[in-house]
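In: Need the 3D shape of this:
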Amino acid sequence: MSNPAEKPEVVQLPAGPQVAAPVNSRRASAQRVREARDRLTSTSGTRPAFDAELLRQYAQTRMSASYVVMLLVVATGVLFGFWMRPIVAAAWTCGMLCIHAAIIRGCSRFLAEQPSVAVTRKWRTRFVLLDLLYGLCWTAILMHPAGRDLASNTLMMFLMLLVIAVSSMLAASLPIAALAATIPVTVAIALDLVLRGSFDNYVLALLALAAEGYFALLAHRLHSTTLATLEARAEKDALIGELEQAKAISDEARHRAESANVAKSRFLAQMSHELRTPLNAILGFSEVMKSEIFGAHTVPVYREYSADIHNSGVHLLNLINEILDLSRIEAGRYELNEEAVALVHVVADCHHLLKLRASSRGITIHEVFEHGMPRIWGDERAIRQVVLNLLSNSIKFTPQGGEIWLKVGWTASGGQYLSVKDTGSGIAEDEIPVVLASFGQGSNSIKSAEQGAGLGLPIAKSLIDMHGGTFTLKSKLRIGTEVIVTFPPERVMSALAPMSEDAPPMQPEPVVSSASGDRQRVRRRSIMSAGTGL
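Out: Reported below is the predicted structural model:
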């Protein structure tokens, strides 16, 4: 009597050593080289592309704030018209408006030109000179009304702070231009206050210098923020470019792989036909010659040769079938013909088919089946192929007098499992991924047993994956190998939920017409009661 099946112990194979991808290091070194080259070719220590973009932002800001600057200049000219002669104030206002118009025209011309290193350098120098002239004009008007009364000092400090604030904000993208526009005003007023010699004037001079430092620091922070934004945008654009390039490379590789897959499928389809046709003749004629149907051979060794030819043809036919099955699975063209399958019966049938081969090698196969198990929903041919591959591998790699255990039972989650355990030569731990790959074989197995194509385990694993199950291989050298195949609980028939769709009616619904009530009663009368008076 069979013993209850043991619960499978599925272990997680140790992960291989993590190999650091050299992509990040190559990207970092390339970025450092690019930054060093950009610093050597740039006039401001940043990338040339950033210089052009910062200068473009400066020009756009000056153009967008042109009306504000014009209003400030006109208001200052009108205010100082009451302080000095109106003609002088009007001349200063016209001069400031001309300088402002030159700056706006220069910004417009710069935005219309194509960006380049030479153009950026030329216009950067022009803008700095124009801002310097702009600051000197403000210095001339602010120094003129300076007197010794409180109202004059208050007006001068207020206008100075206003000019410094506006100039610093407008030229934040070009810090040297901001300094050129504000330093002349601050230095001239601070020197004028210091030369007066009173304590209050010293305080005002320090206040002017502190205001200049504050707004210079603020302009520097704005410039740093703008530069960081540009760098982030450049990195994003570079990343997008790399992703697009990688996508293009992957698409090209995918097209090549698809073309290669189609070529492989055509080759396999053509070669399978070309190989099967002569193989049928080889198998048939070698079978006739081996069986000596038309008479005994004159030389007895010919019968042995015929048997060798027949065995080689059968081996080649099996190899072709395995290659075709693997190619269909990899191409996604293997379709499962699902039905209710008794896993215990399939394993028992496979054991019966291979029992003679195991007995000829002196191998004992033990069955440990759990009875009363419901059927599973799957492809019987695929499951049978999985069992035959696993059991034939165990017989092939188990030495004389070895043992094999076949186990079928329940998993802890409510599914069903199949286990094939042998006392063979085993597989090295680092060779397990090799034997699970197509045409892969372990070194120790090749030395201790007959060689094969290395397709049994990959085909079995792929078929189990198509059923939604798991395939676990555990092995130790000179101890043995165990393969555990599990089917999910969703495929167990007792765990399947009933169909929610309603069954179609056995008979069509009665048709109600607009005739009289007696005719309706006759139509609703059952067929079995017709003619009985009921």
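In: My read is that residue 398 contacts residue 421, right?
Out: No: between residue 398 and residue 421 there is no contact under C-beta atoms under 8 Å: 10.3 Å. In this view, the C-beta of every residue, glycine as well, is placed from N, C-alpha and C.
In: Pull up the overlap in contacts between those two.
Out: residue 404 (C-beta atoms under 8 Å, 6 or more residues apart in numbering).
In: Looking only at neighbour counts, state which of these two leads.
Out: Neighbours per residue, other C-beta atoms under 10 Å: of residue 398 and residue 421, the larger number sits with residue 398, 25 against 19.
In: Torsion angles phi and psi at the more buried one?
Out: Geometry field for residue 398 lists phi and psi as phi -100, psi 130, criterion degrees, to the nearest 10.
In: Read off the pLDDT value for residue 11.
Out: Residue 11 carries a pLDDT value of 42.
In: same deal with residue 178?
Out: On pLDDT, residue 178 comes in at 86.
In: Could you pull up the residues touching it?
Out: 131, 167, 168, 170, 171, 172, 216, 219.
In: closest to residue 346 among those residues?
Out: residue 172 (78.8 Å; C-beta to C-beta).
In: list the contacts for that closest one?
Out: Residues near residue 172 by C-beta under 8 Å, 6+ apart: 61, 178, 218, 219, 222, 223, 226.
In: how about residue 411, phi and psi?
Out: According to degrees, to the nearest 10, residue 411 has phi -90, psi 170.
In: ditto for residue 320
Out: Dihedral angles (degrees, to the nearest 10) for residue 320: phi -60, psi -40.
In: for residue 367, same thing?
Out: Dihedral pair for residue 367: phi -100, psi 130, per degrees, to the nearest 10.
In: any idea how far residue 418 is from it?
Out: Residue 367 sits 12 Å away from residue 418, going by C-beta to C-beta, to the nearest Å.
In: Over to residue 487?
Out: Counting by C-beta to C-beta, the separation of residue 487 from residue 418 is 8 Å.
In: Overlap in contacts, the two.
Out: Joint contacts of residue 487 and residue 418 (C-beta under 8 Å, 6+ apart) are residue 343.
In: sorry, back to before: return the subset of the contacts of residue 172 lying in helices.
Out: Judged by DSSP state H, these include 61, 178, 218, 219, 222, 223, 226 as members of helices.
In: For these, give me a markdown table that also has distance to residue 203.
Out: What follows is the ones in helices among the contacts of residue 172, written out as a markdown table (distance: C-beta to C-beta, whole Å):
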| residue | distance to residue 203 |
| --- | --- |
| 61 | 34 |
| 178 | 25 |
| 218 | 22 |
| 219 | 25 |
| 222 | 28 |
| 223 | 30 |
| 226 | 35 |
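In: Which members of those residues are the farthest-apart pair?
Out: Taking C-beta to C-beta as the measure, the ones in helices among the contacts of residue 172 span a maximum distance of 14.8 Å, between 61 and 218.
In: What segments of the stretch 201-350 of the chain are helices?
Out: For the stretch 201-350 of the chain, the helices defined by DSSP state H, counting those that start in this stretch occupy 301-330, 343-360.
In: Pull the contacting residues for the nearest residue to residue 307 once chain neighbours are set aside.
Out: Nearest non-adjacent residue to residue 307, counting by C-beta to C-beta, 6 or more residues apart in numbering: residue 290, 4.9 Å away. Residues near residue 290 by C-beta under 8 Å, 6+ apart: 303, 306, 307, 310.
In: Can I get those in a markdown table including distance to residue 206?
Out: Shown next, in a markdown table, are these (distance: C-beta to C-beta, whole Å):
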| residue | distance to residue 206 |
| --- | --- |
| 303 | 119 |
| 306 | 115 |
| 307 | 113 |
| 310 | 110 |
